[in-house]
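Colleague: test case, fold it:
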Amino acid sequence: MTVPVAPPSQRTVPSQRTVRAFYQVLANTAIANVTSSYLWWALTFWAYLETRSVLATAIIGGSYMLLVAVFGVVFGVIVDRTKKKAVMVLSSTITLVTYLLAGALYLSFPESVLVNWGGPWFWVFAGVILVGGVVENLRNIALSTTVTLLVPADRRDRANGLVGAVQGIAFMVTSVFSGLSVGLLGMGWTVVIAIVATAIALCHLFFVPIPERGIAHVEGAPKGFGFRGVIPAIVVVPGLLALILFSTFNNLVGGVFMALMDPYGLTLFSVEVWGVVLGITSIGFILGGALVAKFGLGKNPVRTMLLVNVGIALLGMTFAIREWWWLYAIGILVFMCLMPIAEAAEQTIIQRVVPFEKQGRVFGFAASLESAAAPLSSFLIGPLAQFWLIPFMNTQAGQDSLGWLLGPGQARGIALAFVAASAVLLVVVLLAFVSKPYRRLTAAYADAPPSITTQDDAAPGTMPDMHVTHLPAP
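Modeller: Model (predicted):
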């Protein structure tokens, strides 16, 4: 079906100039992500150290993912209907305002009031910081579509690898500084640092060029912010919905790790050392992203993604099987090496099989659905670990029944949760390999043209035809 797109005067052809612009966008996004991750990690560390409650950290982590799920589709539609730089400015502005509110709250109440997780002000303070972090996802969705906008089709998998590497650098820096900041400076100065860094990132963004002369659109698309324009864009691609559902289930299992990895790490290390451990092991993010940037994802990113998830499942079944700090640290290093490969594979698939003018809402829908799964398991595993798994494994009956598998230690209940969740993931991944949606999506990716966007690749100074053949408009 032929769908009208922006006329040549409003379209951008990926070229060496636009690729350079992508690098600048990526650098600015790295600054913003460093800041939001820094305060997010600091909040998690601070909450656990002050409350010593796995349930509190599980609720905080689950709430973050729940908010991402609620606003994912809205963010995606905003990205599709707005110039990408304007989206990023909006995201940074809202984040700065929320961090200023967090600073005002910290100054308004004694810390003894804020750390009382049974009272309202702890949750107001945490909630304001969470909102700032959630809005940062608006920028990340925009970044995914900017890869399509500014990078030629045959280099997008490598560009997605660079995105993963930059995120790894951000993770490495923030995990170290968050632990040191909370341990040495306290939460108050940590919020101040986040405010200053966010303001710097926002000012820098005004000088970052994104050469987008118009907004790609589908005529007749719904004007609302709901699912009407999203679902048809997904189901028309064979196997794409199955890919998103698989990633959703993956996040369902990932919610267990999100809720329990920090409490387990803080059992083995002090907060300062745990931050350093996360910083060192996050080199894995850089390594994984660099591998994708160097070698790509192969001819079949769908197969690559499933193989990576087999590795993640096997890793989750072994990296806490004994309470050895070095085993946990190595496991996290390998885990972080695999994650950017899986993320790059999913993004590359969507960027190829979905038209550019609908990618924002598809990325937003995927983020929404996938993120909705993690809070469910996070909210469930928090009380389950706090009130049953951890006490059970600390009893003689628990050691007699599962001590042969998990060994002795004070955090064997958390280890049991890791092993069980990873075993379920492994079974699902193996079933996915023999499923029909896997074969259909693999064929759809192979049959899709190298570029299925309104920014078709062309030699510098030339423009493709005014109309392109796309999937049916919703």
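Colleague: burial of the nearest residue to Ser435 once chain neighbours are set aside, as a residue count?
Modeller: Leaving aside its sequence neighbours, Ser435 sits nearest to Ala242 (Cβ to Cβ, 6 or more residues apart in numbering; 7.2 Å). Using the backbone N, CA and C atoms, a C-beta is placed for each residue, glycine as well. The tally of other residues near Ala242 (other Cβ atoms under 10 Å) stands at 17.
Colleague: show me the contacts for Glu50.
Modeller: Val115 (Cβ atoms under 8 Å, 6 or more residues apart in numbering).
Colleague: for it, phi and psi?
Modeller: Main-chain torsions, Glu50, degrees, to the nearest 10: phi -80, psi -30.
Colleague: just Phe206 next, same as before
Modeller: According to degrees, to the nearest 10, Phe206 has phi -60, psi -20.
Colleague: which secondary element of this protein has the worst mean pLDDT?
Modeller: strand 467-469 (a mean of 30; mean pLDDT, DSSP states H and E).
Colleague: residue contacts, Gly407?
Modeller: Counting by Cβ under 8 Å, 6+ apart, Gly407 touches Ile321, Arg322, Glu323.
Colleague: if we use 7 Å, what do you get?
Modeller: Arg322, Glu323 (Cβ atoms under 7 Å, 6 or more residues apart in numbering).
Colleague: picking that back up, and the residue nearest to Ser435, what pLDDT?
Modeller: Looking at Ala242, its pLDDT reads 81.
Colleague: what strand or helix carries it?
Modeller: Following DSSP states H and E, the helix or strand that holds Ala242 is helix 240-268.
Colleague: just Phe207 next, same as before
Modeller: Phe207 belongs to no helix or strand, assigned by DSSP H and E.
Colleague: could you measure from it over to Lys85?
Modeller: To Lys85, Phe207 is 11 Å away according to Cβ to Cβ, to the nearest Å.
Colleague: which one of those two is surrounded by more residues?
Modeller: Neighbours were tallied for Phe207 and for Lys85 using other Cβ under 10 Å; the higher tally belongs to Lys85 (19 against 8).
Colleague: which non-adjacent residue is nearest that one?
Modeller: The nearest residue in space to Lys85 (Cβ to Cβ, 6+ apart) is Ile210, at 4.3 Å.
Colleague: how near is Gly403 to Gln386?
Modeller: Gly403 is 21 Å from Gln386, by Cβ to Cβ.
Colleague: what about these two, which has more around it?
Modeller: Gln386 (17 against 14).
Colleague: so what's the more buried one up against?
Modeller: Counted by Cβ under 7 Å, 6+ apart, Gln386 has contacts Val54, Leu55.
Colleague: which SS state does it fall under?
Modeller: Per DSSP: H, G, I helix; E, B strand; the rest coil, the secondary structure class of Gln386 is helix.
Colleague: again, but for the one 3 residues further on
Modeller: When the structure is reduced to helix, strand and coil (three-state DSSP), Leu389 reads as helix.
Colleague: so which bits of stretch 187-206 are buried?
Modeller: Buried positions in stretch 187-206, judged by neighbour count with 16 or more other Cβ atoms under 10 Å: Met187, Thr190, Val191, Ile193, Ala194, Ile195, Ala197, Thr198, Ala201, Leu202, Leu205.
Colleague: ignore the last one, stretch 147-164
Modeller: Buried residues in stretch 147-164, defined by neighbour count with 16+ other Cβ under 10 Å: 147-153, 155-164.
Colleague: got it, and stretch 27-34?
Modeller: For stretch 27-34, burial by neighbour count (16+ other Cβ under 10 Å) applies to Asn28, Thr29, Ala30, Ile31, Ala32, Asn33, Val34.
Colleague: tell me where this protein has strands.
Modeller: 2-4, 467-469 (DSSP state E).
Colleague: per-residue confidence for the closest residue to Leu101 other than its chain neighbours?
Modeller: If the residues on either side of it in the chain are set aside, Leu101 comes closest to Val128, at 4.9 Å by Cβ to Cβ, 6+ apart. We note a pLDDT of 91 for Val128 in this prediction.
Colleague: run a quick neighbour tally on Val128.
Modeller: With other Cβ under 10 Å as criterion, Val128 counts 19.
Colleague: ok, now which ones touch Ile330?
Modeller: With Cβ under 7 Å, 6+ apart, Ile330 has no contacts at all.
Colleague: gap between it and Arg322?
Modeller: Distance from Ile330 to Arg322, by Cβ to Cβ: 12 Å.
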